[in-house]
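I'll drop the sequence and a predicted model, then ask my questions.
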Amino acid sequence: MKRNCYTSVLYALASVLVGCGERPTAPRLDAPAFSVVTITDPTTVLIVDGVTVPSNVTVNGNLAGIVVVVDRATVDLSHARVDCSQQPPLPDTIGVWIQGNRSRVRVTGGGTGIVTGCHIGVLVGQFDPTGSAPGGFDNQVDGLLIQNSVGGTGDCFLQSCAIALSNSHDNIVDHNRIDGATEGGIVVNGSNRSAAVSGNNTISNNTITGFGDFGIIVSTDGNTVTNNVALGWFWGIAVNANRNHITGNQVGYLGRSCGCIGIWLEDGAESNAVTKNAELEQVGNNGDTYFLVEATARNNTLSKNLATTTNGLDALDRSGDCINNKWFNNTFTSKDPACIR
């Protein structure tokens, strides 16, 4: 395919507009009836009916390897690699972007697809979550290996992250593996944090390892975070919204003690259920806290959780006397206040 060109491709009775070149102006993948994109060649980023779409496709000033702007698409990255690390230096790079208010899109790696070296590995919804524009819904991201997400200027809490759901609701992020992200793992956020606008997402069965700032951050309402592993992060799972279910997760630390937090209900987090979560065996935990509830977090329930640290605290409720939050049937060896049970 020639450089600095636009190529029109007929695929599945749909017209796909592909922009290529070193710095094209806002090209896009655009096909109203577009249904399936299958990657079959592991040396390329995207194959559409025999035409290679290079990973330096630019959309709205942000470098994006694959951009989906239609509903009901499937992007199958099995045995493929999306690599942002070789692209020209720009403020932000995105591996796969389900852009805007798209719905019923699936990005799958089949356990072999790799996204590497991007500021944001996969973005669902708006690049700027502080705006009012709606994001996507009923989308799914699964089976990817996302490696070495690196720092950028975009709003993954002004950090990089492997997967971001932005102003998006009722999405599924499942069975992904995230390795070596320098700052963050999975982020759920939105300008309107209500469940109907940017909540009701399911984050499940993901494994996140590294030495960044956080494993999972939930800043919207009504999400389910279940059966994930976050190992080595300063904050394993942080919640600053309401009515979320945090259940069956494992959190732990790597290296020397860091003053880390396993599961953190931040100030203002209300009516969340934190159940059946456990610490992972770690190396050094002096000053660490596995379950932390801040002073203005209210009406949360923490039950059937397990932690047995040696030098830190298993559980700390800064709101005080076990009236503002309910603690029961947990297994802890150290706690503050003593009424936590």
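Received the coordinates, thanks.

residues near residue 324, how many?
The local packing of residue 324 (other CB atoms under 10 Å) involves 17 other residues. Using the backbone N, CA and C atoms, a C-beta is placed for each residue, glycine as well.

Give me the local confidence score for it.
pLDDT, residue 324: 94.

which SS class is it?
In three-state terms, and counting by DSSP: H, G, I helix; E, B strand; the rest coil, residue 324 is coil.

ok, the nearest residue to it once chain neighbours are set aside - how many residues close by?
In space, and not counting its chain neighbours, residue 324 is closest to residue 298: 5.1 Å by CB to CB, 6 or more residues apart in numbering. Residues near residue 298, counting by other CB under 10 Å, number 18.

Bridged to residue 298, which residues?
Beta bridges link residue 298 to residue 270, judged by DSSP bridges.

Can you name the residues that contact it?
Residue 298 makes contacts with 270-271, 319, 324-325, as judged by CB atoms under 8 Å, 6 or more residues apart in numbering.

looking at those residues, which has the most residues close by?
Counting by other CB under 10 Å, top hit in these: residue 325 with 22 neighbours.

Would you agree that residue is in contact with residue 302?
Yes - between residue 325 and residue 302 there is a contact at 6.7 Å, judged by CB atoms under 8 Å.

Mutual contacts of those two, please.
Common neighbours of residue 325 and residue 302 (CB under 8 Å, 6+ apart) are residue 293.

ok, back up a step: quick check, pLDDT for the residue nearest to residue 324.
For residue 298, the predicted pLDDT is 96.

next one: residue 179
So, for residue 179, pLDDT stands at 90.

Next up, phi/psi of it, please.
With angles defined as degrees, to the nearest 10, residue 179 sits at phi -120, psi 140.

Also residue 198?
The phi/psi pair for residue 198 (degrees, to the nearest 10) is phi -140, psi 20.

what's the distance between it and residue 132?
11 Å (CB to CB, to the nearest Å).

Kindly report the same for residue 188.
Applying CB to CB to residue 188 and residue 132 gives a distance of 18 Å.

So which of those two has more stuff around it?
Remark: of residue 188 and residue 132, residue 188 carries more neighbours, 30 against 10, as counted by other CB under 10 Å.

I'd say that one and residue 169 touch.
No - here residue 188 does not reach residue 169: they are 9.7 Å apart, not a contact under CB under 8 Å.

list the residues that contact both of these two?
Both residue 188 and residue 169 are in contact with 198-199, 201, 220, where contact means CB under 8 Å, 6+ apart.

Among the residues you listed, which one has the most neighbours?
Neighbour-wise, the shared contacts of residue 188 and residue 169 (other CB under 10 Å) top out at residue 198, 32 neighbours.

From residue 221, how far out is that one?
Residue 198 is 8 Å from residue 221, by CB to CB.

show me where pLDDT drops low in this structure?
1-64, 86-91, 149-160, 254-259, 281-287, 310-311 (pLDDT under 70).

I'd like to know how far the spatially most central residue of it sits from residue 112.
Nearest to the geometric centre of the chain sits residue 186, at 2.3 Å (CA atoms, centre = their mean). Using CB to CB, residue 186 is found at 20 Å from residue 112.

go on, residue 136?
Residue 136 sits at a distance of 25 Å from residue 112 (criterion: CB to CB).

For these two, indicate the residue with more neighbours.
More neighbours surround residue 136 than the other of residue 136 and residue 112, with 26 against 14 (other CB under 10 Å).

who's in contact with that one?
Per CB under 8 Å, 6+ apart, neighbours of residue 136: 98, 100-103, 105, 124-125, 168, 171.

top of these by neighbour count?
residue 168 (32 neighbours).

With distance to residue 260 and secondary structure as new columns, can the contacts of residue 136 be given to me in CSV?
CSV is the format used below for the contacts of residue 136 (distance: CB to CB, whole Å; DSSP: H, G, I helix; E, B strand; the rest coil):
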residue, distance to residue 260, secondary structure
98, 32, strand
100, 36, coil
101, 36, coil
102, 36, coil
103, 37, strand
105, 35, coil
124, 28, strand
125, 29, strand
168, 29, coil
171, 28, coil
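
Tell me which two of the residues you listed sit farthest apart.
Spanning the widest gap among the contacts of residue 136 are 100 and 171, at 13.6 Å by CB to CB.

thinking again about what came up before, mind putting the contacts of residue 298 in CSV, distance to residue 252 included?
Shown next, in CSV, are these (distance: CB to CB, whole Å):
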residue, distance to residue 252
270, 27
271, 27
319, 25
324, 28
325, 23
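
can you name the two of the residues you listed that are farthest apart?
Using CB to CB, the contacts of residue 298 reach their maximum pairwise distance at 271 and 319, which is 13.7 Å.

check contacts around residue 201.
For residue 201, the contacting residues are 165, 168-173, 188, 220, 223-224, by CB under 8 Å, 6+ apart.
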